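Visitor: Have a look; sequence and predicted model below, questions after that.
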Amino acid sequence: RCLYSPHGAYAQSKLALVLFTYRLQHLLTANGSHVTANVVDPGVVNTELYKHVFWVVKVVKWMTAWLFFKTPEEGASTTIYAAVSPEMEGAGGCYLYNEERTKSAGVAYDEELQRRLWTESCKMVGISDEASRLP
């Protein structure tokens, strides 16, 4: 029996995003592409993400958002940096936080896990997984 956790599901989805991006960059590089793929962590941004949570959580968020949360504009700054900064030209497979390259969670560098996620993703959307045969 498995219980659903919204926070656990969110964390798992973020890990999948990082794993997928690292694998995509590996395949792009292996195929000689000049396209790059990077992961952007905007931090905790004051959005409607907690719209459907228990009212106590909403009250705590409302009381602390001004102190701990970024504005949507601040949250977007690293994405904009990744897209237009000359320092990011040709750089792929990076994890960016606060407009700086940093390390992601250690499990995200597991190449076998990256491959498995890629393969399962291809199966789920019904496309060929020819790229997974690359090293």
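Guide: It's in.

Visitor: What is the host helix or strand of residue 74 packed up against?
Guide: Per DSSP states H and E: residue 74 is located in helix 72-84. The contact analysis (3 or more Cβ pairs under 8 Å, 6 or more residues apart in numbering; DSSP states H and E) places helix 72-84 against strand 39-41, strand 95-97. Just so you know, the C-beta spots here come from the backbone N, C-alpha and C atoms, and that holds for glycine as well.

Visitor: Just the buried positions in it, please.
Guide: By neighbour count on 16 or more other Cβ atoms under 10 Å, the buried set for helix 72-84 is 75, 77-78, 81-82.

Visitor: With respect to per-residue confidence, which of the residues you listed is lowest?
Guide: Of all the buried residues of helix 72-84, residue 75 carries the smallest pLDDT score, 88.

Visitor: quick one: it and residue 97, what's the gap?
Guide: Using Cβ to Cβ, to the nearest Å, residue 75 is found at 11 Å from residue 97.

Visitor: For residue 101, which three-state class applies?
Guide: For residue 101, the secondary-structure state derived from DSSP: H, G, I helix; E, B strand; the rest coil is strand.

Visitor: and the nearest residue to it once chain neighbours are set aside, how many residues sit next to it?
Guide: Nearest non-adjacent residue to residue 101, counting by Cβ to Cβ, 6 or more residues apart in numbering: residue 94, 4.9 Å away. By the measure other Cβ atoms under 10 Å, the count of residues near residue 94 is 19.

Visitor: quick revisit: now render the helices and strands packed on helix 72-84 as CSV, adding mean pLDDT, distance to residue 104 and mean neighbour count.
Guide: CSV is the format used below for the helices and strands packed on helix 72-84 (pLDDT from 0 to 100; distance: least, Cβ to Cβ, whole Å; neighbours: other Cβ atoms under 10 Å):
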stretch, mean pLDDT, distance to residue 104, mean neighbour count
strand 39-41, 95, 7, 19
strand 95-97, 96, 4, 18
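
Visitor: For residue 15, identify the helix or strand it belongs to.
Guide: Going by DSSP H and E, residue 15 is part of helix 6-30.
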